[in-house]
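Novice: Could you look at this predicted model? Sequence included:
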There are 2 protein chains.
Amino acid sequence: MTVAGNIRGPGASPPAAAAMAPLVVIVEDDEGIREGLQDLLRSVGLDAIAFGSTADLLAASLPDRPGCLVLDVRLPGTSGLDLQAKLAAMGSRLPIIFMTGHGDIPMSVRAMKAGALDFLTKPFRDQDMLDAITVAIERDRAWRTESAGTAELARLAATLTAREAEVMQHVVQGLLNKQIAHALGISEITVKIHRGNVMRKMQAGSVADLVRKAEALKVSEG
Amino acid sequence: MTVAGNIRGPGASPPAAAAMAPLVVIVEDDEGIREGLQDLLRSVGLDAIAFGSTADLLAASLPDRPGCLVLDVRLPGTSGLDLQAKLAAMGSRLPIIFMTGHGDIPMSVRAMKAGALDFLTKPFRDQDMLDAITVAIERDRAWRTESAGTAELARLAATLTAREAEVMQHVVQGLLNKQIAHALGISEITVKIHRGNVMRKMQAGSVADLVRKAEALKVSEG
DNA sequence: CATCGCCTGACACCTTCGTATGATCACGCA
DNA sequence: TGCGTGATCATACGAAGGTGTCAGGCGATG
């Protein structure tokens, strides 16, 4: 598995990844800082894996665990900001904490606007980094939990036939069976059958349930 | 009306504030920059009002129009960051664009984490400021539109009696009338009456409608 | 005290929903 | 060609939803 293992689209999440022990991924070219950070994290019981360049990270095989990315801005080859953009384009949601020794305000603002969780200047206090990492891991956990839910919904929705999906669409709009039948040009009886299939396949115990699930799907899709 | 006019809780929005012409509020102690900014904005057809200190702003009477705040970080008395915190505590959602001549990275990160939309360093390019303002106004408009919707829902929900609200709660959970009746210790007939009142008062054409409105309310409240 | 709003309940009637049974037709796949 | 799946429809029955009418009790308010 490559770093794409952290790019979790709906349906990709294996069993309860959000509950696993977190992993902090470090990308920093200065070996001293890199190992210092690793030691710091291990001292508080956090697993950490470190790379010296973005290329190393991208080539590496990462487990699908909750965690975050601690990224130096200035790196050989692809910069930290470029990596942030690249990961975002790949669909990754892994929280990113930047650190830099020679940054400026526009750089930090750009990173924050692109979704970075924090932007620390070297030298930073150990506690500041640990605080940021704690927040980042918690956010990733929350996202994974939520994502697992919508992924499960998407899995259920994928079992619907085209017609059933169409009927569901109309049901959650609040239309009556006879109205749906007229809209689709079929009989009300057939609508009832499709509707029953939808409720069973989507594991919805009521129309209210179905509406909520349909809304959650709509939000996660677009 | 004070600056609290920009603190728009549900139910506070007058008719279609989101559609009004935007107003940019500037707080900057340097008179040259302040007037330069005002001229810049007026040159592109934007209304602007400027203050020399946060105290002046807080004492002023501001119309309830879409817009944004352009804020110097270093100000006499309360600083820009303090004002940001104060406004947030007051419930304001007015987008804030910071500008500074002597800022540092931690300051910019703090502002961005607190929800600032942008953080420009002086001297900035006119176009950068205009771009930021455009984005900010658009975001404020979107928020106002959304806010007006939930405010209307809250207004409808406020007309419900305690019992009706209770019944609605159970209905959107997907319970049957007989289950609601049992849960509340009343007869199914009475539940039907309350339910009918709920549908009428909430202007819901269907259970699906009601569920969506209840969800929107829940999100806006919690 | 009278009135009003709210909560409560019953009876009746119709609509809508949900499902079971049974059946036909089309399409793709082995 | 046979089989499975999906889509279609009919009949029928029971469960649930929705509305209207009538009515009693209860607390607040003028």
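Specialist: Looks like it came in fine.

Novice: residue ranges for the helices of chain A, please.
Specialist: Counting by DSSP state H, chain A has helices at residues A:31-43, A:54-59, A:80-89, A:105-113, A:126-157, A:162-172, A:177-184, A:188-201, A:207-221.

Novice: is it possible to export the ones you listed to a markdown table including mean neighbour count?
Specialist: No exception for glycine: its C-beta is placed from N, CA and C like everyone else's. As requested, these are exported to a markdown table (neighbours: other Cβ atoms under 10 Å in any protein chain shown):
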| stretch | mean neighbour count |
| --- | --- |
| helix A:31-43 | 15 |
| helix A:54-59 | 18 |
| helix A:80-89 | 18 |
| helix A:105-113 | 20 |
| helix A:126-157 | 17 |
| helix A:162-172 | 19 |
| helix A:177-184 | 16 |
| helix A:188-201 | 17 |
| helix A:207-221 | 18 |
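
Novice: could I get these as JSON lines with mean pLDDT?
Specialist: Shown next, in JSON lines, are the helices of chain A (pLDDT from 0 to 100):
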{"stretch": "helix A:31-43", "mean pLDDT": "96"}
{"stretch": "helix A:54-59", "mean pLDDT": "94"}
{"stretch": "helix A:80-89", "mean pLDDT": "96"}
{"stretch": "helix A:105-113", "mean pLDDT": "98"}
{"stretch": "helix A:126-157", "mean pLDDT": "97"}
{"stretch": "helix A:162-172", "mean pLDDT": "98"}
{"stretch": "helix A:177-184", "mean pLDDT": "98"}
{"stretch": "helix A:188-201", "mean pLDDT": "98"}
{"stretch": "helix A:207-221", "mean pLDDT": "95"}
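
Novice: Adding distance to B:Ala154, write the ones you listed out as a markdown table.
Specialist: Formatted as a markdown table, the helices of chain A follow (distance: least, Cβ to Cβ, whole Å):
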| stretch | distance to B:Ala154 |
| --- | --- |
| helix A:31-43 | 46 |
| helix A:54-59 | 48 |
| helix A:80-89 | 36 |
| helix A:105-113 | 32 |
| helix A:126-157 | 26 |
| helix A:162-172 | 23 |
| helix A:177-184 | 30 |
| helix A:188-201 | 31 |
| helix A:207-221 | 19 |
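
Novice: of all those helices, which lies closest to B:Pro76?
Specialist: When those are compared by Cβ to Cβ, helix A:105-113 sits nearest B:Pro76, at 22.2 Å.

Novice: in chain A, which residue is closest to the centre?
Specialist: Centroid-nearest residue in chain A: A:Arg93, 4.1 Å away (criterion: Cα atoms, centre = their mean).

Novice: What distance do you get for it to A:Thr150?
Specialist: Applying Cβ to Cβ, to the nearest Å, the value for A:Arg93 to A:Thr150 is 13 Å.

Novice: any common contacting residues for the two?
Specialist: Common contacts of A:Arg93 and A:Thr150 (Cβ atoms under 8 Å, 6 or more residues apart in numbering or on different chains): none found.

Novice: For B:Arg195, find the nearest of the helices of chain A.
Specialist: When the helices of chain A are ranked by proximity to B:Arg195 (Cβ to Cβ), helix A:207-221 comes first, at 12.7 Å.

Novice: mind checking how far that closest one is from the chain centre?
Specialist: Distance of helix A:207-221 from its chain centroid, counting by Cα atoms, centre = their mean, to the nearest Å, is 19 Å.

Novice: repeat for stretch A:64-81
Specialist: Per Cα atoms, centre = their mean, the centroid offset for stretch A:64-81 relative to its chain is 16 Å.

Novice: So what's the residue count around A:Pro95?
Specialist: A:Pro95 is flanked by 23 other residues according to other Cβ atoms under 10 Å in any protein chain shown.

Novice: so how far is A:Leu71 from it?
Specialist: 11 Å.

Novice: Which positions in chain A make contact with chain B?
Specialist: Within chain A, the positions near chain B by Cβ under 8 Å from any Cβ of the partner chain are A:100, A:103-106, A:108-109, A:112-113, A:118-119, A:121, A:171-175, A:205-209, A:211-212, A:215.

Novice: restrict those to contacts with DNA strand C.
Specialist: Contacts with DNA strand C within the residues of chain A next to chain B, as defined by Cβ under 7 Å from any atom of the strand: A:Val207.

Novice: could you check whether stretch A:205-222 is close to DNA strand D?
Specialist: No - Stretch A:205-222 lies apart from DNA strand D when judged by Cβ under 7 Å from any atom of the strand; the minimum separation is 8.5 Å.

Novice: That stretch: how far from the chain's middle?
Specialist: Put simply, stretch A:205-222 sits 19 Å off its chain's centre (Cα atoms, centre = their mean).

Novice: can you list contacts of that stretch?
Specialist: With Cβ under 8 Å, 6+ apart as the criterion, stretch A:205-222 contacts A:10, A:149-150, A:153-154, A:156-157, A:168-169, A:171-172, A:198-199, A:202, A:204, B:171-175, B:207-208, B:211-212, B:215.

Novice: Output stretch A:203-218 as CSV - backbone C-alpha positions only.
Specialist: Provided in CSV are the C-alpha atoms of stretch A:203-218 (Å, rounded to 0.1, in the frame of the first residue of the first chain):
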residue,chain,number,x,y,z
GLN,A,203,-31.9,-0.8,6.0
ALA,A,204,-34.2,2.0,6.7
GLY,A,205,-36.9,1.4,9.4
SER,A,206,-39.0,4.4,8.4
VAL,A,207,-39.3,7.1,5.8
ALA,A,208,-37.6,9.4,8.3
ASP,A,209,-34.6,7.1,8.4
LEU,A,210,-34.5,6.9,4.7
VAL,A,211,-34.6,10.7,4.3
ARG,A,212,-31.7,11.1,6.8
LYS,A,213,-29.7,8.5,4.9
ALA,A,214,-30.4,10.1,1.6
GLU,A,215,-29.4,13.5,2.9
ALA,A,216,-26.1,12.1,4.3
LEU,A,217,-25.4,10.5,1.0
LYS,A,218,-26.1,13.7,-0.9
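
Novice: Give me the distance between it and the centre of its chain.
Specialist: So, by Cα atoms, centre = their mean, the centroid of stretch A:203-218 is 22 Å from its chain's centroid.
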